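# make a model of this:
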Amino acid sequence: MTRKIDHDTNHDTNHDTNQDMDQEIDQDQGMERSGRGSALAERFVTALLVVVVLVVAGALVWPAVRPSPDHPGGPARGEAGAGGPQGASARGGQAEARAVTVQTVTRGTVRSTVGITGDVVAPDPVGLVSNVGGRISTPVPPVGTVIAAGERVVLVDPSRPGDAFSESPLISPVGGTVVATGASQGDTITTQTPVVTLQDLSRLEIRTWVPERFLGLLRTGLRADVRFEAFPGEVFPARVVRLAPVVDPVRRTLEVTLVFDRPDRRIRAGMFPSLELVLQERRDVVTLPPSALLETWQERYVYVVDEEKIARRRPVTTGLEGRSSLEVLQGLQEGDRLVVRGQSFLVDGTPVRLVESAGDRSGESPGGSAMARSREGSGEGTP
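So this is what the prediction gives:
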């Protein structure tokens, strides 16, 4: 009996041991399969990254090495090559001429301006009142009537029942145009009733507001070109006659008053003009269109074309800057042939081909319309 029990015990022990070994084998096999899966995933990711890098590198390199339509097998047009700074021809080995537009440097006037808007206003209105109370016995002038200084406006009858008095005239002490009426013929008025209101519409003013940052350049006598949408293409010259003594603390602007050089009856009080106020002006100076100017963080420069039709880089020093032209202090002289279009593709020594002259294009100002500057390097150009 004892032997049988021992045999059963040994059998159970061996069975448990076999189960433990099977579990360990299964765990080892699972870990081995997991390891193989991780390795496969890593190899897949690596291969995918290699493919992406090759595609990006090909996209970057292809434009530089693809053959030119005009020169199969050679570098692309405009790329730097062995033949010169702008790329060589596969046949001749000479730099390709770049098409540019030039303009002859001249002397002129440079204006620094600020564009603002304003309101057309008349001098403060004057209300005419009678020295006596009573009934208005004559017609009241309608709105729009021009009254001269010293002219009779109406007659006022101060008579009352039982009392007869002579009529009293209301004389205008100032000249102007009737812009409002406060009574009519037959009305009874007091000495506080304004019969008519006058404004001198022949002395219209422009009231505008200039940003505080221009305060150091403002003074009486500055010129301005005034324009109205109602009169397209027409310019009405004006000048500054008055500056407010204080700056508006909310809007950070200074009120400026201007008057027209020549009165124009078409202009009405209440109209909304746009103004170009001339802050600074330089006359008879060498000028440069903003579209021709290039700059780096170190310098400003332009390209001029010599007699052999070679573009030469020329550093310049500028002064006063206007919307359509810049003052040139150094670097250019009158008569130079200045590249005003196509200069962004040039380097010093590039052969050029003149396609047109900026002065020959009808309807276009030689000064250009907008600053076209090239930013090179990591810094910004000087202001």
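
# give me the number of neighbouring residues for the residue nearest to Asp124 when sequence neighbours are not counted.
Nearest residue to Asp124 in three dimensions, chain neighbours excluded: Gln199, at 7.9 Å (Cβ to Cβ, 6 or more residues apart in numbering). From N, CA and C alone the C-beta is placed, and that goes for glycine too. Neighbour count of Gln199, defined by other Cβ atoms under 10 Å: 20.

# pLDDT at Gln199, what is it?
Note on Gln199: pLDDT of 88.

# bridging residues for it?
Thr177 (DSSP bridges).

# what's the separation between it and Gly144?
Gln199 sits at a distance of 11 Å from Gly144 (criterion: Cβ to Cβ, to the nearest Å).

# which residues do these two both contact?
In terms of Cβ atoms under 8 Å, 6 or more residues apart in numbering, Gln199 and Gly144 are both contacted by the residues Thr177.

# distance of the residue nearest to Asp124 from Val121?
For Gln199, the distance to Val121 - Cβ to Cβ - is 9 Å.

# find the residues that touch each one of these two.
Ala269.

# quick one: the residue nearest to Asp124 and Ala269 touch, right?
Yes - here Gln199 reaches Ala269: they are 7.2 Å apart, a contact under Cβ atoms under 8 Å.

# which residues do these two both contact?
Common neighbours of Gln199 and Ala269 (criterion: Cβ under 8 Å, 6+ apart): Ala122.

# number of residues surrounding Ser166?
9.

# what about the protein, any weak spots by pLDDT?
Filtered on pLDDT under 70, the chain yields the residue ranges 1-40, 58-95, 161-163, 356-383.

# can you list the domains in it?
The chain breaks down by automatic domain parsing into domains covering 1-65, 98-109+284-360, 114-121+202-282, 126-201.

# so which of those domains is the most packed in?
Sort those by mean neighbour count, taking mean count of other Cβ atoms under 10 Å, and domain 98-109+284-360 sits at the top with a mean of 18.

# distance from that domain to the middle of the chain?
Put simply, domain 98-109+284-360 sits 23 Å off its chain's centre (Cα atoms, centre = their mean, to the nearest Å).

# again, but for stretch 153-172
Distance, stretch centre to chain centre, for stretch 153-172: 63 Å (Cα atoms, centre = their mean).

# which residues does that stretch contact?
128-141, 147-152, 185, 189, 195-196, 198.

# what of stretch 204-217?
If you take Cβ under 8 Å, 6+ apart as the criterion, stretch 204-217 is touched by 114, 116-123, 218, 224, 226, 238, 241, 247-248, 251-260, 263, 267, 269, 273, 275, 277, 279-280.

# out of the residues you listed, which sit inside strands?
By the criterion of DSSP state E, membership of these in strands covers 114, 116-121, 224, 226, 238, 241, 247-248, 253-260, 275, 277, 279-280.

# which residue is the nearest non-sequential neighbour of Pro194?
Counting by Cβ to Cβ, 6+ apart, the nearest residue to Pro194 once its immediate chain neighbours are dropped is Gly127, at 3.4 Å.

# is the one you found in a helix, a strand, or coil?
Secondary structure assignment for Gly127 (DSSP: H, G, I helix; E, B strand; the rest coil): strand.

# and it, what are its bridge partners?
The partner residues for Gly127, given DSSP bridges, come to Thr197.

# from the contacts of stretch 153-172, which land in strands?
Secondary structure from DSSP E places Leu128, Val129, Gly134, Arg135, Ile136, Ile147, Arg152, Ile189, Val195, Val196, Leu198 of those in strands.

# residues in contact with the fourth one?
To tie it back to what came earlier, the one meant is Arg135. Residues near Arg135 by Cβ under 8 Å, 6+ apart: Val156, Asp157, Ser159, Gly186, Asp187, Thr188, Ile189.

# tell me the two of those that are most distant?
Greatest spatial distance among the contacts of Arg135 (Cβ to Cβ): Ser159 and Asp187, at 15.0 Å.

# skip the chain neighbours and tell me the closest residue to Phe231.
In this structure, Phe231 finds its nearest non-sequential neighbour in Arg266, 7.0 Å apart by Cβ to Cβ, 6+ apart.

# that neighbour reaches Phe260, doesn't it?
No - the pair Arg266 / Phe260 is not scored as a contact, 11.3 Å apart, by Cβ under 8 Å.

# helix, strand or coil for Leu48?
What three-state DSSP gives for Leu48 is helix.

# show me what contacts Ile116?
Thr208, Trp209, Val210, Ser274, Leu275, Leu277.

# redo that, cut-off 7 Å
Residues near Ile116 by Cβ atoms under 7 Å, 6 or more residues apart in numbering: Thr208, Val210, Leu275, Leu277.

# which pair in those residues has the greatest spatial separation?
Spanning the widest gap among the contacts of Ile116 are Val210 and Leu275, at 9.6 Å by Cβ to Cβ.

# surely Thr287 and Ser325 touch.
Yes - between Thr287 and Ser325 there is a contact under Cβ atoms under 7 Å: 4.3 Å.
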